[in-house]
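J.: Show me how the following folds:
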Amino acid sequence: MPNQIEAIDPMVLTLKSHVDGALSGEALFRFDICLSEALANLVIHAKTTDKSAPITVKIRHEAESLSTEIFDPTGAVAFDIRDKARALDEIDALAENGRGLGLILECADQVDYGPAPEGNRLKLTFKARG
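T.: Numbering: from 1, shown residues only. You can find the predicted model right below:
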(Lines give C-alpha, C1' and ligand atoms only; values in the text may rest on other atoms or scores of the structure.)
Protein backbone atom coordinates (compact mmCIF):
# COMPACT_ATOMS: atom_id res chain seq x y z
CA MET A 1 0.00 0.00 0.00
CA PRO A 2 1.35 3.47 -0.77
CA ASN A 3 2.25 5.41 2.39
CA GLN A 4 -0.49 7.97 1.68
CA ILE A 5 -3.65 8.87 3.59
CA GLU A 6 -5.84 8.56 0.46
CA ALA A 7 -4.74 4.93 0.02
CA ILE A 8 -6.19 3.80 3.36
CA ASP A 9 -9.90 3.47 2.53
CA PRO A 10 -9.38 1.60 -0.75
CA MET A 11 -6.93 -0.75 1.00
CA VAL A 12 -9.35 -1.47 3.86
CA LEU A 13 -12.14 -2.21 1.36
CA THR A 14 -9.85 -4.56 -0.57
CA LEU A 15 -8.79 -6.35 2.62
CA LYS A 16 -12.41 -6.69 3.76
CA SER A 17 -13.28 -8.33 0.44
CA HIS A 18 -10.50 -10.88 1.04
CA VAL A 19 -11.76 -11.83 4.51
CA ASP A 20 -15.49 -11.89 3.74
CA GLY A 21 -16.64 -15.36 4.70
CA ALA A 22 -13.80 -15.91 7.17
CA LEU A 23 -15.12 -12.97 9.20
CA SER A 24 -18.63 -11.58 9.15
CA GLY A 25 -20.92 -9.30 11.09
CA GLU A 26 -19.39 -7.99 14.29
CA ALA A 27 -15.97 -9.57 13.65
CA LEU A 28 -15.77 -7.93 10.21
CA PHE A 29 -16.73 -4.59 11.78
CA ARG A 30 -13.92 -4.94 14.36
CA PHE A 31 -11.51 -5.86 11.54
CA ASP A 32 -12.52 -2.71 9.63
CA ILE A 33 -11.96 -0.46 12.66
CA CYS A 34 -8.57 -1.97 13.47
CA LEU A 35 -7.23 -1.85 9.93
CA SER A 36 -8.42 1.72 9.38
CA GLU A 37 -6.84 2.88 12.63
CA ALA A 38 -3.58 0.94 12.25
CA LEU A 39 -2.98 2.10 8.68
CA ALA A 40 -3.87 5.71 9.52
CA ASN A 41 -1.47 5.66 12.46
CA LEU A 42 1.34 4.39 10.24
CA VAL A 43 0.72 6.92 7.48
CA ILE A 44 0.33 9.88 9.84
CA HIS A 45 2.73 9.07 12.66
CA ALA A 46 5.41 6.62 11.48
CA LYS A 47 8.81 8.20 11.70
CA THR A 48 10.37 6.82 8.56
CA THR A 49 13.42 7.88 6.60
CA ASP A 50 11.54 7.25 3.34
CA LYS A 51 7.92 8.49 3.15
CA SER A 52 7.59 6.83 -0.26
CA ALA A 53 8.32 3.38 1.22
CA PRO A 54 5.18 1.22 0.92
CA ILE A 55 3.30 -0.39 3.80
CA THR A 56 2.99 -4.16 3.42
CA VAL A 57 -0.15 -5.95 4.64
CA LYS A 58 -0.62 -9.73 4.75
CA ILE A 59 -3.65 -11.77 5.72
CA ARG A 60 -3.34 -15.25 7.18
CA HIS A 61 -6.26 -17.62 7.61
CA GLU A 62 -5.67 -19.89 10.58
CA ALA A 63 -7.74 -22.76 11.99
CA GLU A 64 -9.89 -20.75 14.42
CA SER A 65 -9.00 -17.19 13.49
CA LEU A 66 -7.75 -14.73 10.92
CA SER A 67 -4.70 -12.56 11.40
CA THR A 68 -3.49 -9.48 9.61
CA GLU A 69 0.17 -8.53 9.58
CA ILE A 70 1.01 -4.89 8.92
CA PHE A 71 4.69 -4.16 8.36
CA ASP A 72 6.18 -0.76 9.10
CA PRO A 73 7.54 1.06 6.06
CA THR A 74 11.29 0.78 5.53
CA GLY A 75 13.23 2.98 7.93
CA ALA A 76 10.36 3.47 10.39
CA VAL A 77 11.19 3.72 14.07
CA ALA A 78 9.70 0.82 16.06
CA PHE A 79 6.47 1.78 17.86
CA ASP A 80 4.65 -0.79 19.99
CA ILE A 81 1.07 0.42 20.36
CA ARG A 82 0.60 -1.71 23.46
CA ASP A 83 3.00 0.61 25.29
CA LYS A 84 1.34 3.86 24.14
CA ALA A 85 -2.41 3.17 24.05
CA ARG A 86 -4.66 4.85 26.59
CA ALA A 87 -7.79 3.20 27.92
CA LEU A 88 -10.83 4.46 26.04
CA ASP A 89 -12.51 5.58 29.27
CA GLU A 90 -9.53 7.89 29.96
CA ILE A 91 -10.06 9.88 26.75
CA ASP A 92 -12.30 12.93 26.68
CA ALA A 93 -15.50 11.98 24.85
CA LEU A 94 -15.26 15.17 22.78
CA ALA A 95 -11.59 14.76 21.88
CA GLU A 96 -10.95 14.71 18.16
CA ASN A 97 -7.94 12.38 18.36
CA GLY A 98 -6.40 9.81 20.65
CA ARG A 99 -8.77 6.84 20.39
CA GLY A 100 -7.08 4.84 17.61
CA LEU A 101 -4.64 2.78 19.64
CA GLY A 102 -7.23 2.02 22.32
CA LEU A 103 -9.75 0.98 19.66
CA ILE A 104 -7.22 -1.41 18.13
CA LEU A 105 -6.53 -3.02 21.51
CA GLU A 106 -10.25 -3.23 22.28
CA CYS A 107 -11.39 -4.58 18.90
CA ALA A 108 -8.68 -7.12 18.04
CA ASP A 109 -8.67 -10.41 19.94
CA GLN A 110 -4.88 -10.41 20.05
CA VAL A 111 -2.32 -7.69 19.32
CA ASP A 112 1.38 -8.44 18.87
CA TYR A 113 4.18 -6.15 17.75
CA GLY A 114 7.82 -6.84 17.13
CA PRO A 115 10.55 -7.66 14.67
CA ALA A 116 9.94 -10.13 11.85
CA PRO A 117 12.07 -11.05 8.83
CA GLU A 118 10.23 -8.43 6.72
CA GLY A 119 10.61 -5.67 9.36
CA ASN A 120 8.69 -4.49 12.39
CA ARG A 121 5.24 -6.06 12.35
CA LEU A 122 1.89 -5.36 13.96
CA LYS A 123 -0.12 -8.59 14.04
CA LEU A 124 -3.85 -8.34 14.71
CA THR A 125 -5.81 -11.54 15.28
CA PHE A 126 -9.60 -11.82 15.02
CA LYS A 127 -12.04 -14.56 16.01
CA ALA A 128 -15.78 -14.60 15.62
CA ARG A 129 -17.20 -13.68 19.03
CA GLY A 130 -20.40 -14.93 20.59
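J.: By residue count, what's the longest helix in the protein?
T.: Using DSSP state H, we find that the single longest helix of the chain is helix 25-45.
J.: For the host helix or strand of Glu69, which helices and strands make contact with it?
T.: Assigned by DSSP states H and E, Glu69 falls within strand 66-71. Applying 3 or more C-beta pairs under 8 Å, 6 or more residues apart in numbering; DSSP states H and E, we find strand 66-71 packed against helix 25-45, strand 56-61, strand 110-116, strand 119-126. All C-beta spots, glycine's among them, are computed from the backbone N, C-alpha and C.
J.: Now distance to Thr68 and mean neighbour count too, for the ones you listed, in TSV please.
T.: Listed next are the helices and strands packed on strand 66-71 as TSV, based on distance: least, C-beta to C-beta, whole Å; neighbours: other C-beta atoms under 10 Å:
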stretch	distance to Thr68	mean neighbour count
helix 25-45	7	19
strand 56-61	5	14
strand 110-116	11	14
strand 119-126	5	20
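J.: what about those, which gets the closest to Gly100?
T.: Proximity to Gly100 (C-beta to C-beta) singles out helix 25-45 among the helices and strands packed on strand 66-71, at 4.0 Å.
J.: between the closest one and strand 119-126, how big is the angle?
T.: Angle, helix 25-45 to strand 119-126, by axes from the mean of the first three to the mean of the last three C-alpha atoms, to 10 degrees: 160 degrees.
J.: still on that earlier bit, in JSON lines: the helices and strands packed on strand 66-71, plus mean pLDDT.
T.: Listed next are those as JSON lines, based on pLDDT from 0 to 100:
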{"stretch": "helix 25-45", "mean pLDDT": "92"}
{"stretch": "strand 56-61", "mean pLDDT": "94"}
{"stretch": "strand 110-116", "mean pLDDT": "91"}
{"stretch": "strand 119-126", "mean pLDDT": "94"}
